[in-house]
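>>> Make a model of this:
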Amino acid sequence: MAAVKVGIPVSLTGQFGTQGRQALAGLQAWADAVNGAGGLRVGNRRHDVAVVHYDDCSLADAAGAAAGRLIHEDRVDLLFGPYSSGLARAVADIAAGAGKVLWNQGGAADEIYGPGRRVVGILSGARSYLAALPKLVREAYPSSAAFGVLRCSDGAFPRLVSEGFENSAVASGFCKVYHREFPSTQADFSGFVQEVLEANPDLLLAVGRIRHDIAIARTLASQPGTARLPKAMAVVATPIDRFRAEMGRAADGFVGPSQWEPPASNAPIPNPCDYFGPAPTHVRATLNRAGFATGVPVDYPMAQCFAAGLVAQRCVEAAGSLEQGLLWAAAGNLDFQTFFGRFKINSESGEQVGRSVNIVQWQLGRKVVIWPPEQAQGKLELYQQARGE
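Model (predicted):
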């Protein structure tokens with residue numbers, strides 16, 4: 001029987017290389033699990049899944065070219081998007097021109113969606129990333145009143161994250177006392193940090209690319225004494241493996257959004273049919289095996305790409321077909337759970353509306369989920385408290 005071809009432009013090199021390799025490992029792990037259980041059911045038949053990928057070198061033009069090759073030369077049945085909102089947006093344009101559904105596992109910007117496109121969102125939107133944080137800060141520190149934002153001026157993602165955060169902060173009664181933007185070429189943040197100290201916000205958000213986030217956090221943490229620092233500091237890269245590896249114990253106190261955190265144990269998923277279909281029931285074990293086999297750390301890009309495979313699988317089974325219009329209709333009608341959370345999209349735009357982003361904080365060397373309440377492992381601690389001071 002012919003295999004179902006699954007294609008993905010993926011960053012194996014360039015600035016998103018680590019996340020791209022993680023995403024590819026997640027997609028291949030899903031394909032292996034499906035094949036090991038007898039194949040993907042399309043109507044009354046089962047088919048093996050074959051993954052086809054090309055390196056997009058972390059460049060939007062290359063991602064678009066790779067998508068075109070996958071669609072027109074390889075004639076893939078299912079097209080998955082790359083990591084990064086900018087790259088995903090470029091691939092969405094190509095997919096729309098070919099009438100292809102794009103299973104968007106790696107981009108959180110709302111510009112990826114739009115009229116004439118069939119983009120199925122796996123991730124929560126960037127505006128929701130830290131919308132809950134101001135309320136958490138007010139609960140932990142009732143007298144907090146001022147906030148600041150330090151963000152990259154390039155790309156939609158930093159803008160969208162900060163817009164959602166700012167709107168929530170203002171609605172929660174905070175006033176903005178600091179706002180600065182920096183170019184993507186910025187490397188030294190000492191001057192910006194001095195400005196933050198002078199503005200004296202209670203709550204600070206920093207968002208750029210991963211290297212910016214780590215450099216900003218390192219500069220903040222290196223200040224003599226912590227009394228002058230904001231009581232709560234959110235850096236978007238906080239949850240990822242690289243942040244902890246490069247920051248060490250200086251990561252303590254920082255807060256950030258996480259699309260996914262691994263389960264606390266290897267306990268079986270309560271309802272395997274909803275979570276995996278024919279795949280295994282141990283999420284962590286499955287991803288750990290994929291990480292070990294490929295030599296990449298298990299982090300959210302691997303999990304979200306695995307989840308994208310599960311979503312596409314569920315839609316194929318519901319549609320009984322690989323016809324793109326039927327898949328799009330199925331995605332808009334379904335509402336179900338995976339290990340990644342609830343899947344439900346806006347049936348017109350394709351944006352994810354069913355799940356919430358976790359907010360985590362490093363506390364005394366441990367990453368703790370502090371929001372949403374049903375998943376919380378602890379409460380927000382002020383920066384100094386989370387460091388044991």
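>>> how about the helices of the stretch 101-250 of the chain, start to end?
Counting by DSSP state H, counting those that start in this stretch, the stretch 101-250 of the chain has these helices, from start to end: 133-140, 156-171, 190-199, 210-221, 241-247.
>>> what does the stretch 251-389 of the chain give?
Going by DSSP H, counting those that start in this stretch, the stretch 251-389 of the chain shows helices at 272-275, 283-294, 300-319, 324-333, 383-386.
>>> What is the burial count for the closest residue to Thr294 other than its chain neighbours?
Excluding its sequence neighbours, the residue lying closest to Thr294 (Cβ to Cβ, 6 or more residues apart in numbering) is Ala25, at 4.3 Å. Heads up, the C-betas are built off the backbone N, CA and C, glycines and all. Ala25: 26 surrounding residues under other Cβ atoms under 10 Å.
>>> you'd agree Ala25 is up against Ala303?
No - taking Cβ atoms under 8 Å as the definition, Ala25 is not a contact partner of Ala303, at 10.4 Å.
>>> got JSON lines for the helices of the stretch 101-250 of the chain, with mean neighbour count and distance to Gln105 too?
Compiled in JSON lines, the helices of the stretch 101-250 of the chain are given as follows (neighbours: other Cβ atoms under 10 Å; distance: least, Cβ to Cβ, whole Å):
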{"stretch": "helix 133-140", "mean neighbour count": "20", "distance to Gln105": "25"}
{"stretch": "helix 156-171", "mean neighbour count": "20", "distance to Gln105": "15"}
{"stretch": "helix 190-199", "mean neighbour count": "16", "distance to Gln105": "33"}
{"stretch": "helix 210-221", "mean neighbour count": "21", "distance to Gln105": "18"}
{"stretch": "helix 241-247", "mean neighbour count": "17", "distance to Gln105": "18"}
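>>> Let's have these in CSV, adding mean pLDDT and distance to Asn104.
Below are those laid out as CSV (pLDDT from 0 to 100; distance: least, Cβ to Cβ, whole Å):
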stretch, mean pLDDT, distance to Asn104
helix 133-140, 95, 25
helix 156-171, 96, 14
helix 190-199, 97, 32
helix 210-221, 97, 20
helix 241-247, 94, 23
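>>> wait, which of those helices is closest to Ala227?
Across these, Ala227 has its closest neighbour in helix 190-199 (10.4 Å, Cβ to Cβ).
>>> Run through the neighbouring helices and strands of that closest one.
strand 146-152, strand 175-182, helix 210-221 (3 or more Cβ pairs under 8 Å, 6 or more residues apart in numbering; DSSP states H and E).
>>> Check the offset of that helix from the chain's centre.
Offset of helix 190-199 from its chain centre (Cα atoms, centre = their mean, to the nearest Å): 29 Å.
>>> now that helix and strand 146-152, what's the angle there?
In terms of direction (axes from the mean of the first three to the mean of the last three Cα atoms, to 10 degrees), helix 190-199 departs from strand 146-152 by 170 degrees.
>>> what sits up against helix 190-199?
Outside helix 190-199, the residues within contact range by Cβ atoms under 8 Å, 6 or more residues apart in numbering are 146, 148, 150, 177-178, 180, 182, 204, 216, 219-220, 223, 228-230.
>>> try 6 Å this time
Here helix 190-199 makes contact (Cβ atoms under 6 Å, 6 or more residues apart in numbering) with 148, 150, 177-178, 180, 219-220, 228.
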